[in-house]
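J.: Structure for this input, please:
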Amino acid sequence: MEFEGKLSDYAEVVMGQSPSGENVSAQIVGPPLLNGPTEFGPSHPRPVQWTRDPKKFAKSGNILFCVRGSTTGRMNWADQTYAIGRGLAAIRGKNGFDIRFIRGVIETGLPDLLALATGSTFPNVGRDDLLAIPAPMISLEGSIAIGSVLKAISDRIDHNRALAANLEAIARRLFKSWFVDFDPVRAKAAGEKPPGLADDIAALFPDRLVDSELGEIPEGWVYQPITRIASVLSGGTPKRSVIEYWDGDIPWYSVVDSPTDGNMFVVRTSEYITQLGLEKSAAKLLPAGVTILSARGTVGKLALTCCPMTINQSCYAIKGDLGDYFTYFTIAQSIEWLKQNVHGAVFDTITKATLDGMTVVTPSEKAIQAFEIVVKPLMVRIESSVRERLALSSIRDLLLPRLISGKLRVEDAEPIIEETLA
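T.: Coordinates of the predicted model:
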C-alpha cells in the first residue's frame, strides 16, 4: 500500500526512559510506572509499580506502544498519566489529528514495521522508525471522520467485553455463595429463608453444617478429588511437517488462545487441523461444554469450549459428570491452589497427579442442576457477546486498511457495521 505521507505528519512519539530501581516501588508514591505489556489489559493498563523519579510520560488518551522484544507492536490506551520505561513509547496526535486514525495508520503499517525492525534476537523499534510509518495525506476533518468510525467499533467492543466480564462475575459470586460460603445452608441453619432463592431451590440445600477433615460442609455433601466427578483428557499435536494435517476446519487450542477478560468461552483458535491430522495424532475431538486448563509453562489459564475442538499437549480437557458450568467454576475457584502445586524443574507443570490431589466439595446432583439452570442465561449471553466481539474485530480489520487508504468512504463503512451487528 503506497502512501505519500508519514506518521510524523500527524503524531508525536515520546520514547520511554526507566527510572533507577531504588525509585520504583509497589507503594503508591508518585505516578504509576509502566515498563511493558506485562501491565497491559484488554484496552488499558493495570499498573503494579509507582516511581518517585519519573523520566518520560504518557498522557491520558495516548497510545502505549511496545518497542522492545517479542511483544514489539502491542498497544494499549493510556487512561491516565503514566511514567513509561524504555520498553514503551507514547504516541499522541498533533495539530488536532484524531488519535484513533493515528492508531489505524500504525496498525496498517505494523507488519512492514516489524519486518524491518532491528535487533539480532528480538525486534526493536525506535522513534524514527515509528515516525516513518507510511500514512495517507488527509485533512484534519478526514482523520476525525475515520477516527469516529473506528471509535464506534472500539467502544462497542469495550462495552461488550465489560458486559461479559460483569455477567461472569455474577455467576462466580453465585457459585461462591452456594458452594464455597454455603450461604443458603447457613441461612436455613439460622432458621431464615435463604435470600433471593425460590422455595424449590432453597429446598435443595441442607439445613445444617457438619464437621469434616477439611472444615465444615453442608450435611450430605462430600469432599472428594475433582477426578471423581470429571474426566481428564490430554491433547496432542499433529506433525508439523505433514501439511495435510494442518489448515483444516477443526479448531486446535493452545495457550495462546486463552481467553481474556470477559472471554471465558473460546470460540475460535489461531490454528486449525484437518480430520486426517486428528486421526494421526494424540489430539482428541472435544465436545462443547468442556473446561480447558493450561497445564505447562503458562499454567492456570481457563477456557470453556462452545463448539467441538481439540487441544495441544500443554493443556488438559476436563469434562464434568455433573454439570459443565459447575465444573468450570469449581476449577476456577481452585486455580490458585493448582498454581501453588505445580511440578517441573524447567517448566511449571500441572500433572494429572496434581488434579487427583485437588479436593472439592461436591453438592447433591439436584443442587448442581439448579445452578446450571440459573446461570445458563448468563452463559448464553456471555457466549453471544464473545461472538459479537469477534465479529466486530473482524469487520474492523477488514475496514481499517480500506478506510486508511481512502478506498472506502466513511459513509459507506457505517452500513457495513450496522449489518454486522444486525
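J.: Tell me which residues of stretch 356-375 come out buried.
T.: By neighbour count, with 16 or more other CB atoms under 10 Å as the criterion, the buried positions of stretch 356-375 are 358-364, 367-368, 370-372, 374-375. Backbone N, C-alpha and C define where each C-beta goes, glycine included.
J.: whoops, stretch 143-151 was the one
T.: Buried-residue list, stretch 143-151, by 16+ other CB under 10 Å: 143-147, 149-150.
J.: For it, give the mean pLDDT please.
T.: The predicted model assigns stretch 143-151 a mean pLDDT of 93.
J.: which stretches of this structure aren't confidently modelled?
T.: Counting by pLDDT under 70, the low-confidence segments of the chain come to 1-2, 118-121, 261-262, 345-346, 420-422.
J.: could you pull out the helices for it?
T.: Applying DSSP state H to the chain gives helices spanning 99-116, 127-131, 140-179, 183-189, 199-202, 275-279, 324-333, 335-340, 352-356, 365-405, 410-421.
J.: Out of the ones you listed, which one sits most buried?
T.: A comparison of those by mean neighbour count, using mean count of other CB atoms under 10 Å, puts helix 324-333 on top with a mean of 23.
J.: The lengthiest strand in the chain - contacts with which helices or strands?
T.: Ranked by residue count under DSSP state E, the longest strand found in the chain is strand 246-253. Under the contact definition 3 or more CB pairs under 8 Å, 6 or more residues apart in numbering; DSSP states H and E, strand 246-253 sits against strand 271-273, helix 275-279, strand 310-311.
J.: Please enumerate residues in contact with the longest one?
T.: This points to helix 275-279. Contacts of helix 275-279 with the rest of the structure, by CB atoms under 8 Å, 6 or more residues apart in numbering, involve 238, 242, 244-246, 248, 250, 283-285, 310.
J.: Can you tell me which of these is nearest Met75?
T.: Compare each of the contacts of helix 275-279 with Met75 using CB to CB and the shortest gap goes to Trp246, at 29.5 Å.
J.: now the helices and strands packed on strand 246-253 as TSV including distance to Val13?
T.: Below are the helices and strands packed on strand 246-253 laid out as TSV (distance: least, CB to CB, whole Å):
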stretch	distance to Val13
strand 271-273	34
helix 275-279	44
strand 310-311	41
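J.: Let me know which of those is the nearest to Thr349.
T.: Between Thr349 and the helices and strands packed on strand 246-253, the shortest separation by CB to CB is 15.3 Å, and it involves strand 310-311.
J.: what pairs with that closest one, and is each one parallel or antiparallel?
T.: Applying DSSP bridges, strand 310-311 is found paired with strand 246-253 (parallel).
J.: how about the strand it pairs with: buried residues?
T.: Within strand 246-253, the residues that qualify as buried are 246, 248, 250-253, counting by 16+ other CB under 10 Å.
J.: for those, which one is nearest Pro123?
T.: When the buried residues of strand 246-253 are compared for distance to Pro123 (CB to CB), Trp246 comes out closest, at 25.8 Å.
J.: need the contact list for the closest one.
T.: Residues in contact with Trp246 (CB under 8 Å, 6+ apart) are 238, 240, 271-274, 277.
J.: rerun at 7 Å
T.: Taking CB atoms under 7 Å, 6 or more residues apart in numbering as the criterion, Trp246 is in contact with 238, 273-274, 277.
J.: Could you check how far it is from Lys339?
T.: Shown here: Trp246 relative to Lys339, a distance of 32 Å by CB to CB, to the nearest Å.
J.: Likewise for Leu278?
T.: Here Leu278 is placed at a distance of 31 Å from Lys339 (CB to CB).
J.: any chance of the buried residues of stretch 356-375 in a markdown table, plus distance to Asp200?
T.: As requested, these are arranged in a markdown table below (distance: CB to CB, whole Å):
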| residue | distance to Asp200 |
| --- | --- |
| Met358 | 31 |
| Thr359 | 30 |
| Val360 | 25 |
| Val361 | 22 |
| Thr362 | 21 |
| Pro363 | 16 |
| Ser364 | 14 |
| Ala367 | 12 |
| Ile368 | 15 |
| Ala370 | 8 |
| Phe371 | 14 |
| Glu372 | 15 |
| Val374 | 12 |
| Val375 | 17 |
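J.: Show me which of those residues is closest to Leu304.
T.: Closest to Leu304, out of all of these and judged by CB to CB, is Val375, at 11.8 Å.
J.: contacting residues for the closest residue to that closest one other than its chain neighbours?
T.: Among residues not flanking Val375 along the chain, Ala171 sits closest, at 4.7 Å (CB to CB, 6 or more residues apart in numbering). Under the criterion of CB under 7 Å, 6+ apart, the contact list for Ala171 reads 329, 375, 378.
J.: now the residue nearest to the spatial centre of the chain, nearest residue through space, not along the chain?
T.: Among the residues of the chain, the smallest C-alpha distance to the mean C-alpha position (CA atoms, centre = their mean) belongs to Thr260, namely 0.9 Å. The shortest distance from Thr260 to any non-neighbouring residue, by CB to CB, 6+ apart, is to Pro42 (5.3 Å).
J.: Could you verify my assumption that the one you found touches His159?
T.: No: at 11.9 Å, Pro42 does not count as touching His159 under the criterion of CB atoms under 7 Å.
J.: still on that earlier bit, pick out the one among the contacts of Trp246 with the largest number of neighbours.
T.: Ile273 (27 neighbours; other CB atoms under 10 Å).
J.: unless I'm mixing things up, that residue is touching Ser254, no?
T.: No: under the contact definition of CB under 7 Å, Ile273 does not touch Ser254, with a separation of 11.4 Å.
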